[in-house]
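Peer 1: no sequence on this one, just coordinates:
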Ligand code: CP
Ligand code: NVA
């Protein structure tokens, strides 16, 4: 049966295994695998992308296969062909599909109708593939993933949703500091709470950024205005001011905290240049790890 990665929950049983596989790929960057020759990844992107698009395309190429970038405006989908029909047609051509979409329901619809694996390359609910790179970076720097405290200060968005799920799956506590009304998705928090009971981890959601930051081993933030929310910019930039990750806020984290950001970053808004460029920041290793984890994910789905 084919396997999709639409949510972090789809990696509940092997997230750390995929991370470890990706760490191996990092050591053998240019190794090709005969089994992937002529395998094709179809990549549908409704929104812009630097990291996700280029890491997936490079990963598929380096593994020995090929990737095709698909802009919905250049496909019949842009003229009303259904997502279901598109999924069925693409399944006859390609071996795996990645999809960056505005709406989570559309990713689900594509996956339901595709007979090949589907990877969620970010939607309004989650960003699962980002998590593999994030926690790979944590494992490289800290040596382990369990027993840590991950603090996310900012918008309770797609990245925050996936971060809560990944933290509890991997055995870390997670604290989210976000303004009231901008909390992470309730259903996903419920799912994470169930998992946290199995893994003995703790979830905290607070509107106090200092409380969220206290004793953090990993400090994470993301943009305040996600793709598709541009109309909310003015309002959000005011509301989120006290949630900026700056030197004062990170002074409440553990001394050897690691700073992560999925990127792109807006210096002076969700994070200061000082923190981004500081000694604790691993954001560019994290970005590079998108390549190695794209291979880990593709290998896991294509076997
Ligand atoms: N972090 C991330 O997904 O970046 P892109 O939007 O550039 O793909
Ligand atoms: N939350 C951001 C992540 C970008 C990688 C967005 O959805 O735009």
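Peer 2: Arrived safely, thanks for sending. Computed from a predicted model, the values in this text were never measured in an experiment. Numbers count the residues shown, from 1 in each chain. Ligands and ions are numbered 1, 2, ... in the order given.
Peer 1: Only C-alpha atoms from now on, for both contacts and neighbour counts.
Peer 2: Fine.
Peer 1: In the stretch 101-250 of the chain, what residue comes closest to ligand 1?
Peer 2: Per CA to the nearest ligand atom, the residue of the stretch 101-250 of the chain with the smallest distance to ligand 1 is residue 130, at 6.3 Å.
Peer 1: What are the contacting residues of the host helix or strand of that residue?
Peer 2: Using DSSP states H and E, residue 130 maps to helix 128-142. Contacts of helix 128-142 from elsewhere in the structure, counted by CA atoms under 8 Å, 6 or more residues apart in numbering, are 5-8, 15, 18-20, 22-23, 119-122, 144-145, 159, 162-163, 166, 218, 258, 260, 262, 282, 285-287, 289-290, 292-294, 297.
Peer 1: before we move on, what about stretch 212-220?
Peer 2: Applying CA under 8 Å, 6+ apart, the contact partners of stretch 212-220 are 138, 148-153, 175-177, 204-206, 249-250, 252-254, 256-261.
Peer 1: Which ones among these lie within helices?
Peer 2: 138, 249, 250 (DSSP state H).
Peer 1: now these as a markdown table including neighbour count and pLDDT?
Peer 2: Below are the ones in helices among the contacts of stretch 212-220 laid out as a markdown table (neighbours: other CA atoms under 10 Å; pLDDT from 0 to 100):
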| residue | neighbour count | pLDDT |
| --- | --- | --- |
| 138 | 21 | 98 |
| 249 | 18 | 98 |
| 250 | 21 | 98 |
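Peer 1: Which positions in this structure make contact with ligand 1?
Peer 2: Within the chain, the positions near ligand 1 by CA under 6 Å from any ligand atom are 49, 50, 51, 52, 53, 262, 263.
Peer 1: got a list of what the third one touches?
Peer 2: Applying CA under 8 Å, 6+ apart, we find residue 51 in contact with 287, 290.
Peer 1: Show me how to select, in ChimeraX, the buried members of the residues of the chain next to ligand 1.
Peer 2: In ChimeraX, this line selects whichever of those come out buried by 16 or more other CA atoms under 10 Å:
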select :51,52,53,262
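Peer 1: Quick one, grab the pLDDT at the most centrally placed residue in the chain.
Peer 2: Geometric centre of the chain, nearest residue: residue 130, 2.5 Å, by CA atoms, centre = their mean. If you check residue 130, the pLDDT there is 99.
Peer 1: can you give me the strands in the stretch 101-250 of the chain?
Peer 2: Assigned by DSSP state E, counting those that start in this stretch, the strands in the stretch 101-250 of the chain fall at 118-120, 149-153, 173-177, 203-206, 218-221.
Peer 1: Which secondary structure elements does the first one sit against?
Peer 2: Contact here means 3 or more CA pairs under 8 Å, 6 or more residues apart in numbering; DSSP states H and E; on that basis strand 118-120 packs against strand 96-100, helix 104-113, helix 128-142.
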